[in-house]
Structures are given as structure tokens and as C-alpha cells.
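next one to model:
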Amino acid sequence: MTKENFILREKEFLAFQGILKRLVAESFAKAVFLIDKNGSLLTSVGETADYDATSLASLAAGNIAATGGLAGLIGEREFAVLFHEGEKDSMHLSLIENRIILIVIFDDRSSVGLVRLRVRKATEEMGAVVRGMGSGGGGDDVLDTIEELTDSDIENLFK
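I've put the predicted structure just below:
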């Protein structure tokens, strides 16, 4: 399996939720989504009901992959930040630790500068969470994590 696949445990999930809630409040964003590089939604905060989160996650991951190819053509490793401006809403995408993607959707209640400022702080905090996910016995590797699961762990998941 690729390094991009990982299991989001409760501790990390709660840390991400706290960071995202603060980001929405401080940046006046409409919604934020956190996805993995494969396009799977990890969590979201804000006015998310208006969006098809599955399609958004998939297309954003594709966007990051495509711009990674463009970056390579000009000698860059990657473009860690992308911005798309629309008539009503705008979108700011950030690649965090080359593992997860933060999507911030905002309107005229906010500004690009404010979003960039708040996102910078949030990505630093989320980067620390991602780096900490591998500590404590190989939690970075999906196969190692699955091997650690017991039958009772699996049953508890489905209760």
C-alpha cells in the first residue's frame, strides 16, 4: 500500500476537528474539508450540507495530482497551495505533509489574505498531527495497523 493510505484514529480525528473548527471561525470560511491524497473524505466542518463531499474530495485530489505534474514540468517538486476564485465562492487548497489536503471554501465574508494567514497556522498544526501519527509502533503503515487489530477490536467497530 502507498504511504498516502492511513488510518485516522480518534485522537488525530479530534485534533483535526478542533483545528478545523477554529479555522472556520477565524477565517470566516463557509466550509472546510480534510481529505487524503486518494480523494477520501476524512472530516469536514462548517456549512458542508450544500456540497457533494465525495465529488469534491475526489476532484480536489485529482487537482492536486495534476498540478503536481505541472510543478514537475517546471522543475518544482510540488505546489503546496492552490487557489481558485469564483464569482460567489472561492476555494483554497493546501497539501499538508504530502499526505492530506485541506480545502477551504469561502465567500465575500472573508478575504484571500485572511484565509491564507489562518490556513498557514492550521496547516502547521495539522502537519504536527500527521507527523505524530507514525509514532508509537508503526502507525504510519496500514498493514502494520491492521495486523494489530484483534477480533474484539473489529467487533467493536461494528457495534
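
could you confirm N63 falls within a helix?
Yes - counting by DSSP: H, G, I helix; E, B strand; the rest coil, N63 falls inside a helix.

pLDDT wise, what is it at?
Looking at N63, its pLDDT reads 94.

start and end of stretch 83-90, how far apart?
With C-alpha to C-alpha, to the nearest Å as the measure, stretch 83-90 spans 8 Å from end to end.

that one: how far from the chain's middle?
19 Å (C-alpha atoms, centre = their mean, to the nearest Å).

pLDDT on it, on average?
On average, stretch 83-90 scores 94.

so which residues make contact with that stretch?
With contact meaning C-beta atoms under 8 Å, 6 or more residues apart in numbering, stretch 83-90 is reached by K30, M91, H92, L93, I105, F106, D107, D108, V112, V115. Using the backbone N, CA and C atoms, a C-beta is placed for each residue, glycine as well.

recalculate using a threshold of 6 Å.
Contact with stretch 83-90 is made by M91, H92, I105, F106, D107, as judged by C-beta atoms under 6 Å, 6 or more residues apart in numbering.

what do you get for stretch 113-129?
E12, A15, I19, L23, E26, S27, H92, S94, I96, E97, V104, F106.

in the protein, which spans are helices?
10-27, 53-73, 112-133, 142-148, 151-157 (DSSP state H).

distance to L8 and neighbour count added to the contacts of stretch 83-90, as JSON lines?
Formatted as JSON lines, those follow (distance: C-beta to C-beta, whole Å; neighbours: other C-beta atoms under 10 Å):
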{"residue": "M91", "distance to L8": "23", "neighbour count": "19"}
{"residue": "H92", "distance to L8": "22", "neighbour count": "23"}
{"residue": "I105", "distance to L8": "21", "neighbour count": "24"}
{"residue": "F106", "distance to L8": "25", "neighbour count": "23"}
{"residue": "D107", "distance to L8": "29", "neighbour count": "13"}
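
nearest to L42, out of the helices of the chain?
Closest approach to L42 among these (C-beta to C-beta): helix 10-27, 6.9 Å.

how far away from the center of its chain is the closest one?
Counting by C-alpha atoms, centre = their mean, helix 10-27 comes out at 11 Å from the chain centroid.
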